[in-house]
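Here is a sequence together with a model predicted from it:
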2 protein chains.
Amino acid sequence: MVRGRPKSFDTDEVLDRAMEVFRARGYEATCMPTLLEHMGIGRQSLYDTFGDKEHLFKAALKRYLDKFYLKLMEILDRPGSKLDNIENLLRYMSPNYDQGKTSCLAVNASAEFGSEDPEIADFLKRHYDRMAIALENALESARQAGELKPDINPGAMGRWLVNNMNGLALMGRVGMPQSFINDVLTHTLSTLK
Amino acid sequence: MVRGRPKSFDTDEVLDRAMEVFRARGYEATCMPTLLEHMGIGRQSLYDTFGDKEHLFKAALKRYLDKFYLKLMEILDRPGSKLDNIENLLRYMSPNYDQGKTSCLAVNASAEFGSEDPEIADFLKRHYDRMAIALENALESARQAGELKPDINPGAMGRWLVNNMNGLALMGRVGMPQSFINDVLTHTLSTLK
C-alpha cells in the first residue's frame, strides 16, 4: 500500500505566516500565489491542511485572536499593581513603527467584513467582549486595592479601553505619525490614574 | 455633426450611491456589476465620467471625507457652549443602528488599504489631522471660556477624540451591541466635563 508523503511542515508555523500576509494585505486583496509564496508550501498541501482561502483565513484569524488574548491575559495577570498592568498592556498593544507593530488583524477584519460573514463577525464580537471583561476584572481588582478613582465604572471603562486600543491599531494601520499615536496613548493613560 | 447624448444623471448623486456601496462592502469585494446596479448608470457612462473602479473609489472617498468634515465643522461652529458642540458631534457621529448609522468609509478604507496606496493614505491622514485640529480649536475656545478642566491639553485631547470616534465606527461596523457602543460614548463624554 502506498501512503501519502507525511506533512513536512509545522502547521502552526505556516498558519502564522498566512496570518501575517492577511494582516498586511487584507483578505480580498490577498491571492493564492502570494499565500503559497509566504507560507512556503505547495497548493495541494494548503488545500489538504486548511481547505480553501476562506477556511485558511478563518483559521488564521482564530489563531490571531487566541494569541492576542493569551498575551493580554499574561500581562493583566502579572503580580503587583493592576493599573500598571493595564498601562503596560496599552503600551504593548499600541502601534510602534520602530518595533514593526503597525496594525491588528482583528481591527482590519472588522472593517473589511463588518457583519457580512456571520462566523467572522461572531469571532470578532466575542473577542472584543472577552477583552472588555478581562479589563473590567483588572479594573475591579484595582478598585478593591484602592488604586482606582472612585467615580470610575470598571465595566464601562473596560469597554472604552477596548475602543481606544482598536482606534490606535487603526491609526497605525494607515500610518499616522508616531507623535499622534503617542499623544492618544498618553491621554488615554492619563485618565486611568 | 452628431453630438453625444448629454449626461442624463447628476454626477454627485450617482457618486453618493457608489460611496454607499463601498461603505457597505469595501473596495476589493465590490464588483463593477454591483456598482452599476446601485449607481443606475451604464458601464460606458461610468468610465466616461469617473474612469475605472480605482478612480471611482478615490472620488467617492474624497467626497465622503469632505462631506464628513463639513458636517463636523457645522456642528462645532454652532453658537453657545463648545463642549456641548463637541458632545453633540460625538453623539451624531456614533453608530446608531436604529438610525442606520453603522460604519464610516474613512475607517473602513484605513483598515482595507493601510498605507498600501499612497494617495488614499494621504487623503485619510490629512482627514484625521484636520479633524483633530478642528477639535483642538473647539477645545481651546472652551478653555478660554472657562469650560474645560484646567489639566486638559486641547491638542492631545483633540487627537484622542478622533481616536475614540474611529474606534466607535469600527465597533458599529462589526455590529457590537448598541449597549457596548453607548457605554463607550458615555465614558468618552464623561471625560470632557
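Good, I have the coordinates. Residues are numbered from 1 along each chain as shown, chains lettered A, B, ... in the order given.

For chain A, just list every one of the helices.
Counting by DSSP state H, the segments of chain A that form helices are A:11-25, A:32-39, A:43-50, A:53-76, A:82-93, A:105-113, A:118-144, A:154-174, A:178-190.

List of residues touching stretch A:22-32?
With Cβ atoms under 8 Å, 6 or more residues apart in numbering or on different chains as the test, stretch A:22-32 has contacts from A:21, A:34, A:43, A:46, A:53, A:57, A:60-61, A:64, A:103-105, A:108-109, A:112-113, B:26, B:28-29, B:111-112, B:114, B:116. Every residue, glycine included, has its C-beta placed from N, CA and C.

And for stretch A:130-148?
With Cβ under 8 Å, 6+ apart as the test, stretch A:130-148 has contacts from A:69, A:72-73, A:76, A:81-83, A:85-86, A:152, A:154-155, A:157-159, A:161-162, A:165, A:193, B:180.

Buried by neighbour count: which residues of it qualify?
Judged by neighbour count (16 or more other Cβ atoms under 10 Å in any protein chain shown), stretch A:130-148 contains these buried residues: A:131-132, A:134-139, A:141-143, A:147-148.

Emit the PyMOL select command for whichever of the contacts of stretch A:130-148 are buried.
Here is the PyMOL command that picks out the buried ones among these, judged by 16+ other Cβ under 10 Å:
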select buried, (chain A and resi 69+72+76+82+83+85+86+152+154+155+157+158+159+161+162+165) or (chain B and resi 180)
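
coming back round to it: dump the buried residues of stretch A:130-148 to a markdown table, plus pLDDT and distance to B:Arg91.
Output for these, formatted as a markdown table (pLDDT from 0 to 100; distance: Cβ to Cβ, whole Å):
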| residue | pLDDT | distance to B:Arg91 |
| --- | --- | --- |
| A:Met131 | 98 | 25 |
| A:Ala132 | 98 | 21 |
| A:Ala134 | 98 | 28 |
| A:Leu135 | 98 | 24 |
| A:Glu136 | 98 | 24 |
| A:Asn137 | 98 | 29 |
| A:Ala138 | 98 | 29 |
| A:Leu139 | 97 | 25 |
| A:Ser141 | 97 | 32 |
| A:Ala142 | 96 | 29 |
| A:Arg143 | 95 | 28 |
| A:Glu147 | 94 | 31 |
| A:Leu148 | 92 | 27 |
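
Between which two of those residues is the distance greatest?
A:Met131 and A:Glu147 (20.2 Å; Cβ to Cβ).

Would stretch A:59-70 count as contacting chain B?
No. Figure legend: stretch A:59-70 not in contact with chain B (Cβ under 8 Å from any Cβ of the partner chain); closest approach 12.3 Å.

so where's chain A shaky on pLDDT?
Low-confidence segments of chain A (pLDDT under 70): A:1-7.

Can you get me a residue count around A:Ile41?
Around A:Ile41 there are 21 other residues, counting by other Cβ atoms under 10 Å in any protein chain shown.

okay if I get the helices of chain A as a markdown table plus distance to B:Ser8?
A markdown table is the format used below for the helices of chain A (distance: least, Cβ to Cβ, whole Å):
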| stretch | distance to B:Ser8 |
| --- | --- |
| helix A:11-25 | 39 |
| helix A:32-39 | 42 |
| helix A:43-50 | 48 |
| helix A:53-76 | 41 |
| helix A:82-93 | 52 |
| helix A:105-113 | 35 |
| helix A:118-144 | 40 |
| helix A:154-174 | 38 |
| helix A:178-190 | 45 |
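
Of the ones you listed, which is nearest B:Glu13?
Among the helices of chain A, helix A:105-113 comes nearest to B:Glu13, with 26.2 Å by Cβ to Cβ.
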